[in-house]
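Participant: here are the coordinates; sequence isn't available:
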């Protein structure tokens, strides 16, 4: 994974631990998607990385917002995204959430009870809410039958409801389907997207209002482990664009949406920390780093899963755990001799471990270690209040070379 080593070294003079997000990589990924999928509207999933400079950069490329809370709706608005391009989809929205967002986003109802709450909120303010439904489809991501889920309305229930509902302040104008992210197989992902388009047809058959949008969810993954094969975006785009050509014969004006998930930011960030101490205990060498579990939690979670799983390659549980080899640890010092060490943190807990029996250059206090794949589900997930340690900075490397904190 590429990162600007000179910038890392310069910022390490000021900070003991920090994230560094590279705008050039973010822009490159957004451009790549727009070139491969010219007829698709993309939404950036704010929950991946809500850093204000990241948001401004992504949204400046014309992307809309996938908001998972009323707070994320406000973040999108503050970053200049228009209401029509903010899609608020999350389970368990309260009446307060709905009232806050009903006029500033496109609400995606996650349950039949939520639809009723939206009707009540809209009626109170004499407003017609054009909403989407999150559908739990009759198929699974890999092509089997549908399965139970905390997310969305079962497809059969949604169809039955649409046939019967008569709410004066609601129009169902779109659907949203999302079953999983972090998929690297283009064939599987293309088949899933095509199945979602079939769901749209079935919903439209019973819905009196024209579907103005179909959100096919996320799915596009990034390579984490060294052996991961990157998603074949050329192959995926050919399959998806062919399916869209057929779909548009019947739905020429329907907007097709894909959520980017971590795809555009995951590889654009690194986490940088410094050696705080080193010690040898009963023949094992420990390198103690600043702010590991409490600064970037996912490497520690990977070790935790590895310890408790009997499977040598345990199944991912996103966004907390992808694989046991999801991160690379690069020392900027190349002092010899190389040695086998455990990389641990400076917290008073034995779970503060990010790598075990790893070969590294000889590391001393103040040396810099860079951890890869820190652009998504990193700072937003990490328990930075734990132990009242100084929090890592979040730095943004602009296209012009300026670094902003």
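Facilitator: Everything's here; your move. Everything numeric here is computed off the predicted structure, so don't read it as measured data. Numbering: from 1, shown residues only.

Participant: contacts, neighbours, all on C-alpha from now
Facilitator: Noted.

Participant: please, where are all the helices along the protein?
Facilitator: Secondary structure of the chain by DSSP state H: the helices cover 5-12, 23-36, 52-59, 70-78, 95-101, 112-124, 155-164, 186-206, 233-250, 298-308.

Participant: what's in contact with the fifth one?
Facilitator: For helix 95-101, contacts defined as C-alpha atoms under 8 Å, 6 or more residues apart in numbering pick out 69, 70, 73, 88, 107, 117, 118, 121.

Participant: in that helix, which residues are buried?
Facilitator: Using 16 or more other C-alpha atoms under 10 Å as the test for burial, helix 95-101 gives 98, 99, 100, 101.

Participant: how close does residue 185 sit to residue 223?
Facilitator: According to C-alpha to C-alpha, to the nearest Å, residue 185 and residue 223 sit 11 Å apart.

Participant: need the residues touching each of these two.
Facilitator: Common neighbours of residue 185 and residue 223, counting by C-alpha under 8 Å, 6+ apart, are residue 231.

Participant: closest to residue 216 out of the contacts of helix 95-101?
Facilitator: Within the set of the contacts of helix 95-101, residue 88 lies nearest residue 216; the separation is 14.3 Å, counting by C-alpha to C-alpha.

Participant: tally of neighbours for the closest one?
Facilitator: 25 (other C-alpha atoms under 10 Å).

Participant: kindly report the same for the one 3 residues further on.
Facilitator: For residue 91, the tally of surrounding residues (other C-alpha under 10 Å) stands at 16.

Participant: could I get the contacting residues of it?
Facilitator: Here residue 91 is in contact with 110, 111, 150, 151, 152 (C-alpha under 8 Å, 6+ apart).

Participant: closest to residue 7 out of those residues?
Facilitator: Nearest to residue 7 among the contacts of residue 91 is residue 151, at 41.7 Å by C-alpha to C-alpha.

Participant: in CSV, list the buried residues of helix 95-101 along with distance to residue 241 and pLDDT.
Facilitator: Output for the buried residues of helix 95-101, formatted as CSV (distance: C-alpha to C-alpha, whole Å; pLDDT from 0 to 100):
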residue, distance to residue 241, pLDDT
98, 35, 98
99, 37, 98
100, 37, 97
101, 33, 98
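
Participant: list just the nearest of those to residue 258.
Facilitator: Distances from residue 258 to the buried residues of helix 95-101, taken by C-alpha to C-alpha, are shortest for residue 101, at 21.4 Å.

Participant: quick one: that closest one from residue 46, how far?
Facilitator: 16 Å.

Participant: of all the helices of the chain, which one comes closest to residue 266?
Facilitator: Once the helices of the chain are compared by C-alpha to C-alpha, helix 23-36 is nearest, at 9.0 Å.

Participant: picking up where we left off before, and residue 175, which of the helices of the chain is closest to it?
Facilitator: helix 186-206 (7.0 Å).

Participant: for the closest one, what does the pLDDT average out to?
Facilitator: For helix 186-206, mean pLDDT rounds to 97.

Participant: again with stretch 150-164
Facilitator: For stretch 150-164, mean pLDDT rounds to 97.

Participant: got the contact list for it?
Facilitator: For stretch 150-164, the surrounding residues in contact (C-alpha under 8 Å, 6+ apart) are 90-91, 109-112, 133-138, 203, 206-207.

Participant: let's go with 6 Å and repeat that
Facilitator: 110, 111, 134, 135, 136, 137, 138 (C-alpha atoms under 6 Å, 6 or more residues apart in numbering).

Participant: same thing with stretch 371-384?
Facilitator: Against stretch 371-384 from outside (C-alpha under 6 Å, 6+ apart): 48-49, 262, 265-271, 294-297, 327-329.

Participant: in it, what's buried?
Facilitator: Neighbour count says stretch 371-384 has 371-382, 384 buried, by 16+ other C-alpha under 10 Å.

Participant: of these, closest to residue 25?
Facilitator: Nearest member of those to residue 25, counting by C-alpha to C-alpha, is residue 375, at 10.4 Å.

Participant: report the contact partners of residue 171.
Facilitator: Residues in contact with residue 171, defined by C-alpha under 6 Å, 6+ apart, are residue 130.

Participant: start the count at 645 instead of 1 going forward.
Facilitator: Got it, first residue is 645 now, which makes that one residue 815.
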